[in-house]
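>>> got a predicted structure here, sequence first:
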Amino acid sequence: MKKVSLAILVSLSALTGAAYAQTDNGVTMSTDPAKAADVEQRAQDLQSQQQAAESRPAMSSMHHKKAPHHKAAKAEAASQ
């Protein structure tokens, strides 16, 4: 019963947040062809940026060489 109540509470909270976000008047409708072309160009630019980012390997996935430890470097220097 507690799980169901929690799920309902979370759902209502999400719906409230979505309804609040829609009252912002940030989205408007326009029939201006120049504005439509500008939006389409921005969408294409974003898509090409995302594709370029996906094609580059992430820095975290690359293996880096570790620097030699100080003790190992001192022992190597002493043996020479």
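Alright, I've got the coordinates.
>>> where does the residue nearest to Ser30 when sequence neighbours are not counted sit: helix, strand or coil?
Once flanking residues are discounted, Ser30 sits nearest to Ala36: 7.2 Å by Cβ to Cβ, 6 or more residues apart in numbering. All C-beta spots, glycine's among them, are computed from the backbone N, C-alpha and C. Using DSSP: H, G, I helix; E, B strand; the rest coil, the structure places Ala36 in helix.
>>> would you quantify the distance from Asp45 to Leu12?
38 Å (Cβ to Cβ, to the nearest Å).
>>> ok so, going back, give me the neighbour count for the residue nearest to Ser30.
11 (other Cβ atoms under 10 Å).
>>> before we move on, what about Thr28?
Using other Cβ under 10 Å, Thr28 has 6 neighbouring residues.
>>> now it: which helix or strand?
Under DSSP states H and E, no helix or strand contains Thr28.
>>> I'd like the distance between it and Lys35.
Thr28 is 10 Å from Lys35, where distance means Cβ to Cβ.
>>> repeat for Met29
Taking Cβ to Cβ as the measure, Met29 falls 10 Å from Lys35.
>>> between those two, who's got more neighbours?
Lys35 (11 against 4).
>>> looking at it, the residue nearest to Ser30 is touching Arg42, isn't it?
No. Using Cβ atoms under 8 Å, Ala36 makes no contact with Arg42, being 10.9 Å away.
>>> now do the helix or strand encompassing Ala43: everything it contacts.
Secondary structure from DSSP H and E places Ala43 in helix 33-55. Defining contact as Cβ atoms under 8 Å, 6 or more residues apart in numbering, one finds that helix 33-55 is touched by Ser30.
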